[in-house]
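A.B. asks: quick one, structure for this:
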Amino acid sequence: MDDVAARLGRNVRTLREARAMTQAQMAKLAAIPRATWANIESGAANPTLAVLDRVAFAFQVTIEELIAAPRSDARHYPRASLVTKLRGAAAIRKLLPDPIPGMEIDRFELPPRAKLSGIPHTPGTREYLTCEAGAIELVASGERYRLEPGDVVAFRGDQRHSYANTGAKPAIAYSVVVVARR
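C.D. replies: Next comes the predicted model:
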């Protein structure tokens, strides 16, 4: 029989490492002492429900997932299960079904002559836009960039920005946003 505290420790360590974060960073995010975090990961802790709730919140998972038996490292997400929102004529599909704190990855599909205004993020945020098909015109911080398939522009995501398809065929782009910590 697997010990629950050891399983909790393995799950917490695996979740933290998957996010490339240190124990100190995660402890701060969860608003618990770093020593408490280290104790949980060691498998020697018997945390209170309140501490488990803070850890789960920091990872954006349920408490059940923290203590569950390990499951497969892979999970299939059918296209229909991924959130797609329409903003004007543009379709924006979230590509991270499991939230990763501080990161957003979206697929933009802009019909011909469509324009999409970006929403400025937290100060210090970086955004990376990659054109996959068609052509995208990006305006960021007052500068204008034309992206062809395969082109990437890295820019400050905390500034006003917009995306436009000036062509006659649909344009597809991918946006990676690395949100600055406050």
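A.B. asks: all the helices of this structure, residue numbers only.
C.D. replies: Remark: helices assigned in the chain by DSSP state H are 4-18, 23-30, 34-42, 49-59, 63-67.
A.B. asks: can you lay out these as JSON lines showing mean pLDDT, distance to Arg107 and mean neighbour count?
C.D. replies: No exception for glycine: its C-beta is placed from N, CA and C like everyone else's. Converted to JSON lines, the helices of the chain look like this (pLDDT from 0 to 100; distance: least, CB to CB, whole Å; neighbours: other CB atoms under 10 Å):
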{"stretch": "helix 4-18", "mean pLDDT": "90", "distance to Arg107": "22", "mean neighbour count": "17"}
{"stretch": "helix 23-30", "mean pLDDT": "93", "distance to Arg107": "27", "mean neighbour count": "18"}
{"stretch": "helix 34-42", "mean pLDDT": "93", "distance to Arg107": "34", "mean neighbour count": "18"}
{"stretch": "helix 49-59", "mean pLDDT": "92", "distance to Arg107": "24", "mean neighbour count": "18"}
{"stretch": "helix 63-67", "mean pLDDT": "87", "distance to Arg107": "26", "mean neighbour count": "14"}
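A.B. asks: put together JSON lines for the ones you listed, with distance to Arg93 on each row.
C.D. replies: Compiled in JSON lines, those are given as follows (distance: least, CB to CB, whole Å):
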{"stretch": "helix 4-18", "distance to Arg93": "22"}
{"stretch": "helix 23-30", "distance to Arg93": "27"}
{"stretch": "helix 34-42", "distance to Arg93": "34"}
{"stretch": "helix 49-59", "distance to Arg93": "23"}
{"stretch": "helix 63-67", "distance to Arg93": "24"}
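A.B. asks: wait, Trp37 sits on Lys28?
C.D. replies: No - in this structure Trp37 lies outside contact range of Lys28 using CB atoms under 8 Å: 9.2 Å.
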